[in-house]
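K.L.:
Sequence plus the predicted model coming up.
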Amino acid sequence: MSVMQRTEELMGDLIAFPTVSADSNRDLIDWAADRLEHHGARCEVMTDDSGAKANLWATFGPEVDDGLVLSGHSDVVPAEEPNWTSDPFVMEEREDRLYGRGTCDMKGFIACVMGMAPNFATWKLAKPIHVALTYDEEVGCYGARALVDTLARQGVRPGMALLGEPTMMRVIDGHKGCCEYTTHFNGCEGHGSAPDRGVNAAVYATRYASKLMELEAELRGRVPRHSPFVPPWSTINIGRIAAGAARNVIAGQAEIEWEMRPVTPLDTMHVLSEIDRYAVQLMTEMQRVDPTSTILREVIGEVAGLMPEEGNRMAEIACALTGANGCDVVSFGTEAGLFQSLGTQCVVCGPGSIEQAHRADEFIARSQVKACLDMLGGLQRYLV
């Protein structure tokens with residue numbers, strides 16, 4: 001069986017695990033650990049507190065520092081779009097494309113890595129190859145955060161990391177961060193005819209949202225010099241506002257779901273300090289009427305950006321293997337910034353297009369799978 005055939009078979013197996021972020025990924029992780037151990041990898045399964053979610057850390061080669069991490073997230077978004085033309089959890093081939101939930105985001109890359117595992121086992125590696133499979137990237141990169149914390153405690157310091165998010169095999173050395181929040185407003189219900197006797201959570205949520213938009217406008221004037229991103233400034237988006245029960249009832253509860261895509265950590269600190277200071281002002285007003293009123297900003301996920309850096313050896317290797325003339329940046333977030341926090345030199349480069357992710361009839365082209373396998377095979381000359 002060729003590496004390509006083996007990879008496609010593995011991809012079909014991976015797609016069949018319905019690892020939607022809301023559900024357990026343990027079956028996939030246990031299956032992958034068994035396969036990689038069969039090929040000689042040393043595997044460690046790291047579970048969360050519930051035991052329902054797990055990361056996999058597998059190693060080929062010597063127990064030394066400065067190795068290479070090949071990383072992918074095991075979870076997928078729900079396949080609830082009504083216009084799927086095939087079962088999203090059964091891989092199907094049509095016109096040299098492989099269809100199914102996760103084919104490009106990002107079980108295609110995981111299949112490529114696992115398809116190369118027999119090859120990794122035969123290489124006389126001077127530095128280790130680590131395979132990292134994480135959980136819950138789609139809802140806040142929780143698995144990668146836990147993995148990085150564990151590696152830091154254990155003193156493991158990989159030299160390089162390649163994260164196979166779908167980039168059409170473009171080499172990405174920078175992206176914005178992604179910070180997601182839900183702000184909860186608890187006021188005091190009452191009849192709409194007597195607004196002074198209640199605390200209208202919808203009104204205070206509206207004022208809070210307006211402050212966020214003021215901060216968003218302010219961020220446009222804080223563009224770092226030579227920012228490579230599009231748009232070049234940090235952004236704020238309000239995705240959802242919910243409040244109240246009826247038009248004639250003072251709204252007792254409200255919530256705002258919002259996100260920030262920071263270019264620099266300083267922008268994150270600025271926005272959070274300003275919006276939290278403003279929330280204290282609003283809450284003081286609310287508590288003059290009802291002392292139990294509160295505003296609480298819940299952190300859904302805070303993922304660091306990937307900062308381009310000089311002398312990035314991983315970028316040099318990836319460009320050499322793909323034929324790229326240089327690196328690009330993207331505005332979507334990945335787990336790469338978490339690995340960078342370990343001092344690891346990172347790039348994002350993987351098969352498939354982000355345009356196909358999170359939509360019905362997600363697919364990956366066979367040509368992209370082959371290009372990824374070629375890149376992974378070329379790593380040998382840099383690691384032996």
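P.N.:
The structure has been received and is ready for your questions.

K.L.:
so where's the stretch 101-250 of the chain shaky on pLDDT?
P.N.:
Within the stretch 101-250 of the chain, not a single segment meets pLDDT under 70.

K.L.:
Which stretches in it count as helices?
P.N.:
108-115, 117-122, 142-154, 201-219 (DSSP state H, counting those that start in this stretch).

K.L.:
Of all the ones you listed, which one is nearest residue 29?
P.N.:
Minimum separation from residue 29 across these (Cβ to Cβ) falls at helix 142-154, 9.9 Å. Every C-beta, even on glycine, is put in place using the N, C-alpha and C of the backbone.

K.L.:
what's the offset of the closest one from the middle of its chain?
P.N.:
Chain-centre distance of helix 142-154: 15 Å, with Cα atoms, centre = their mean, to the nearest Å.

K.L.:
Could I get the buried residue list for it?
P.N.:
Using 16 or more other Cβ atoms under 10 Å as the test for burial, helix 142-154 gives 142, 143, 144, 145, 146, 147, 148, 151.

K.L.:
got the contact list for it?
P.N.:
With contacts defined as Cβ atoms under 8 Å, 6 or more residues apart in numbering, helix 142-154 is touched by 46, 48, 53, 55, 57, 71, 73-75, 132, 134-137, 157-158, 301, 335, 338-339, 341-342.

K.L.:
of these, buried ones?
P.N.:
Buried members of the contacts of helix 142-154, scored by 16+ other Cβ under 10 Å, are 46, 53, 55, 57, 71, 73-75, 132, 134-137, 158, 301, 335, 338-339, 342.

K.L.:
Inside strands: which ones of these?
P.N.:
46, 55, 57, 71, 73, 132, 134, 301 (DSSP state E).

K.L.:
domain assignment for this structure?
P.N.:
Following the assignment in automatic domain parsing, the chain carries domains at 3-175+305-383, 178-303.

K.L.:
deepest of the helices of the stretch 101-250 of the chain, which one?
P.N.:
Counting by mean count of other Cβ atoms under 10 Å, helix 108-115 has the highest mean neighbour count of the helices of the stretch 101-250 of the chain, with a mean of 28.

K.L.:
so how many other residues sit close to the closest residue in space to residue 245 that isn't next to it in sequence?
P.N.:
The shortest distance from residue 245 to any non-neighbouring residue, by Cβ to Cβ, 6 or more residues apart in numbering, is to residue 251 (7.2 Å). Neighbour count of residue 251, defined by other Cβ atoms under 10 Å: 24.

K.L.:
quick one, what contacts residue 251?
P.N.:
Each residue near residue 251 by Cβ under 8 Å, 6+ apart is listed here: 187, 189, 200, 201, 202, 203, 243, 244, 245.

K.L.:
Go again with 7 Å.
P.N.:
Residues in contact with residue 251 (Cβ atoms under 7 Å, 6 or more residues apart in numbering) are 187, 200, 201, 202, 243, 244.

K.L.:
cool, and residue 158?
P.N.:
By Cβ under 7 Å, 6+ apart, the neighbours of residue 158 are 67, 68, 69, 130, 342, 344.

K.L.:
Also residue 189?
P.N.:
If you count contacts by Cβ under 7 Å, 6+ apart, then residue 189 has 198, 249, 250, 252 around it.

K.L.:
which residue packs closest to it, ignoring adjacent ones?
P.N.:
Leaving aside its sequence neighbours, residue 189 sits nearest to residue 252 (Cβ to Cβ, 6+ apart; 3.6 Å).

K.L.:
and if you look at residue 368?
P.N.:
Spatially, and ignoring its direct neighbours in sequence, residue 368 is nearest to residue 351 (3.7 Å; Cβ to Cβ, 6+ apart).

K.L.:
hang on, that neighbour is in a strand, isn't it?
P.N.:
No. Assessed with DSSP: H, G, I helix; E, B strand; the rest coil, residue 351 is coil; it does not lie in a strand.

K.L.:
Okay, it and residue 93: tell me how far apart.
P.N.:
15 Å (Cβ to Cβ, to the nearest Å).

K.L.:
ditto for residue 103
P.N.:
Residue 103 sits at a distance of 10 Å from residue 93 (criterion: Cβ to Cβ).

K.L.:
any idea of the pLDDT on the residue nearest to residue 245?
P.N.:
Residue 251 is assigned 96 on the pLDDT scale.

K.L.:
any idea how far it lies from residue 285?
P.N.:
From residue 251 across to residue 285, the span is 15 Å (Cβ to Cβ).

K.L.:
so where do the strands sit in the stretch 151-300 of the chain?
P.N.:
Residue ranges of the strands in the stretch 151-300 of the chain, as given by DSSP state E, counting those that start in this stretch, are 160-163, 172-175, 178-186, 190-191, 235-243, 249-250, 253-261, 294-303.

K.L.:
which of these is buried the deepest?
P.N.:
Highest mean neighbour count of the strands of the stretch 151-300 of the chain: strand 160-163, a mean of 27 (counted as mean count of other Cβ under 10 Å).

K.L.:
List the neighbouring strands of that one plus their orientation.
P.N.:
Here strand 160-163 is paired, per DSSP bridges, with strand 68-73 (parallel), strand 345-348 (parallel).

K.L.:
out of the ones you listed, which comes closest to residue 175?
P.N.:
Nearest of these to residue 175, taken as Cβ to Cβ: strand 345-348 at 7.0 Å.

K.L.:
Distance from the closest one to the middle of the chain?
P.N.:
Going by Cα atoms, centre = their mean, where strand 345-348 is centred and where its chain is centred differ by 14 Å.

K.L.:
contacting residues around it?
P.N.:
Residues contacting strand 345-348 (Cβ under 7 Å, 6+ apart): 159-163, 165, 167, 171-173, 306, 312-315, 318, 327, 334, 336, 339-340.

K.L.:
Just checking: what are the partner strands of the next helix-or-strand element following that strand?
P.N.:
Going down the chain from strand 345-348, the next helix or strand is strand 363-365, by DSSP states H and E. Within its sheet, strand 363-365 is paired with strand 97-99 (antiparallel), according to DSSP bridges.
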